[in-house]
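S.K.: Sharing a model prediction with you, sequence too.
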Amino acid sequence: MSDLAAALEIVGSRWALLIVERLLEGPQRYGDLQRELGTPTNMLATRLRELEAAGVLTRLPLRHNTRAYVLTDRGLALGEAITALGRWGAER
């Protein structure tokens with residue numbers, strides 16, 4: 001498997017990069033992610049679990065039994081790629 005194929009196994013699924021893009025702005029709670037992205041809740045839960053298992057993000061405990069999601073160093077490393085993809089998408 002090529003390096004690109006390995007990367008796409010992790011972030012190539014629908015919504016994955018959009019979740020990472022939101023988390024580049026800082027920690028986000030589940031409800032905030034769902035509202036901002038408009039992602040179906042079952043899909044968001046699945047993607048968050050997949051990204052956490054891949055070491056892209058982690059959960060932070062907050063008060064009142066809630067959690068926020070935050071990027072790990074591995075997730076933060078996607079910032080340049082996401083910016084470049086955004087620029088590429090703007091060139092229509």
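M.R.: Perfect, I can see it now. Numbering: from 1, shown residues only.

S.K.: Name the residue closest to the centre of this structure, please.
M.R.: Residue closest to the average C-alpha location in the chain (C-alpha atoms, centre = their mean): Val20, at 2.6 Å.

S.K.: Would you map the helices across the protein?
M.R.: 3-11, 16-23, 30-37, 41-53, 73-76, 79-90 (DSSP state H).

S.K.: what does the shortest one contact?
M.R.: By C-beta atoms under 8 Å, 6 or more residues apart in numbering, the surrounding residues in contact with helix 73-76 are 20, 23-24, 51, 54-57. Every residue, glycine included, has its C-beta placed from N, CA and C.

S.K.: for those residues, which one is nearest Ala6?
M.R.: Ala54 (10.3 Å; C-beta to C-beta).

S.K.: Let me see the contact set for that closest one.
M.R.: Neighbouring residues of Ala54 by C-beta under 8 Å, 6+ apart: 10, 74.
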